[in-house]
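Enquirer: the sequence and its predicted three-dimensional model are supplied below.
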Amino acid sequence: VLALSARHSEAHPEATRLQKFRPHIFFNLGRIVGYAFFGGLIGLLGTAIKPSSTVLGFITLMIAFVMIFLGLKLIDLFPRLKNKSITLPSGIAKTFGLDKNIKEYNHFAATMTGALTFFIPCGFTQAMQIYAISSGSFARGAMIMGLFALGTSLGLLSIAGLSSVFKGE
């Protein structure tokens, strides 16, 4: 989101504070709608596979492994991990047109980027995704993830948005 905002600010140095804040609004709207949609889909997945507590425990352990990997990579303790990464699957990126190197900011890219953060390995998000899967319902999964995204939007808007509004003052 900071990269989107920086791209927008570079392209429009004369932009007002509201115009500088706009990328964050689109990012968070995309995030809320995307999380609700994808939350509904994984809720349906939970209906189809009806995960037992053992399966949910296994998924939780896998998520813990990913978080440990990312933490070790961040602290740069193991040089072998430096070139390893976890990225968005290329098929998903191509489907949404995000495989291209976008030089210019646009609202669609900001909205889609917000929606696709659903797939970023984040412990808090993944815990909610497990809860959405266990709901066994599109509506409940969508509500769980949509409300999670809505609840975290204020923090994201505060940190990232305010930095773009007050940058250079």
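Expert: Thanks, I have it.
Enquirer: and the longest helix for the chain?
Expert: Secondary structure of the chain per DSSP state H: the longest helix is helix 17-49.
Enquirer: what packs against it?
Expert: If contacts are counted by 3 or more CB pairs under 8 Å, 6 or more residues apart in numbering; DSSP states H and E, helix 17-49 sits against helix 2-11, helix 107-116, helix 123-135, helix 138-156, helix 162-166. Every C-beta, even on glycine, is put in place using the N, C-alpha and C of the backbone.
Enquirer: near Leu29, how many other residues are there?
Expert: Other residues near Leu29 come to 17 when the count uses other CB atoms under 10 Å.
Enquirer: ignore the last one, Phe58
Expert: Neighbourhood size, Phe58 [other CB under 10 Å]: 12.
Enquirer: one more: Gly39?
Expert: So Gly39, with other CB under 10 Å, has 29 neighbours.
Enquirer: now it: how far from Phe58?
Expert: Remark: distance between Gly39 and Phe58 (CB to CB, to the nearest Å) = 20 Å.
Enquirer: over to Ala115?
Expert: 27 Å.
Enquirer: can you pull the buried residues of stretch 108-119?
Expert: For stretch 108-119, a neighbour-count test (16 or more other CB atoms under 10 Å) marks 109-119 as buried.
Enquirer: from the residues you listed, which is closest to Phe65?
Expert: Phe119 (16.6 Å; CB to CB).
Enquirer: for the spatially most central residue of the chain, list the residues it contacts.
Expert: Closest to where the C-alpha atoms of the chain average out (CA atoms, centre = their mean) is Thr117, at 1.7 Å. By CB atoms under 8 Å, 6 or more residues apart in numbering, Thr117 lies in contact with 31, 34, 125.
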